[in-house]
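here is my input; please provide its structure:
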Amino acid sequence: FIMGKHSSSKVYDGFSVVFRQWKAETTHCRFVHGYGVSFKVWFEGELDDRNWVWDFGSAKRSKTLIDGKTPKEWMSYMFDHTMIIAEDDPYRQAFEQMGAAEVAQVRILPAVGAEKFAEYVYEKLNGWVVEESEGRVKVAQVEFREHEKNNASFRP
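Coordinates of the predicted model:
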């Protein structure tokens, strides 16, 4: 008899983000634009002694940090009223000046867009989940939603 794996999911929402996809020269996505965004994260692994795959409140109580912040603080730092700019954006310096002038909370990421945001959050949260669960749980997938009609996901 082979035991199957269990999974659970949690939505992290309430974020307002602006970004631009500067390489999208033929569409309006090249302009700075924003959305109320959310992330749905699927956890997969063995059940704990409470019969849970993952403690849904663990982002608040975590001992493991992401970039020096609890996971809840990190998600807010990255996605709550922020402007996300690709590190190769030709106007990066101008956006960084907006950050320095405190008119925008600028975050620089390797790349922008729904698919890349899902991948970035997967990479950050999976390391946290694996460490916090001592290898019992992993992140199976992350879905990024920019509103009720558009979403993209990443799974390894």
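
need the contact list for Met83.
Residues in contact with Met83 (CB atoms under 8 Å, 6 or more residues apart in numbering) are Val17, Val18, Phe19, Val32, Phe95, Met98, Gly99, Ala104, Gln105, Val106, Arg107. From N, CA and C alone the C-beta is placed, and that goes for glycine too.

next, it: secondary structure please.
Secondary structure, DSSP: H, G, I helix; E, B strand; the rest coil: Met83 is strand.

would you mind measuring from it to Glu115?
19 Å (CB to CB, to the nearest Å).

ok, His6 next?
For His6, the distance to Glu115 equals 27 Å [CB to CB].

same question, His33
Counting by CB to CB, the gap from His33 to Glu115 is 16 Å.

return a PyMOL selection command for the buried portion of the contacts of Met83.
To isolate the buried ones among the contacts of Met83 in PyMOL, judged by 16 or more other CB atoms under 10 Å, type:
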select buried, resi 17+18+19+95+99+104+105+106+107
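
out of the contacts of Met83, list just those in helices.
The members of the contacts of Met83 that map onto helices under DSSP state H are Phe95, Met98, Gly99.

dump the residue contacts of Trp128.
Applying CB under 8 Å, 6+ apart to Trp128 gives the contacts Ser62, Thr64, Leu65, Ile66, Pro71.
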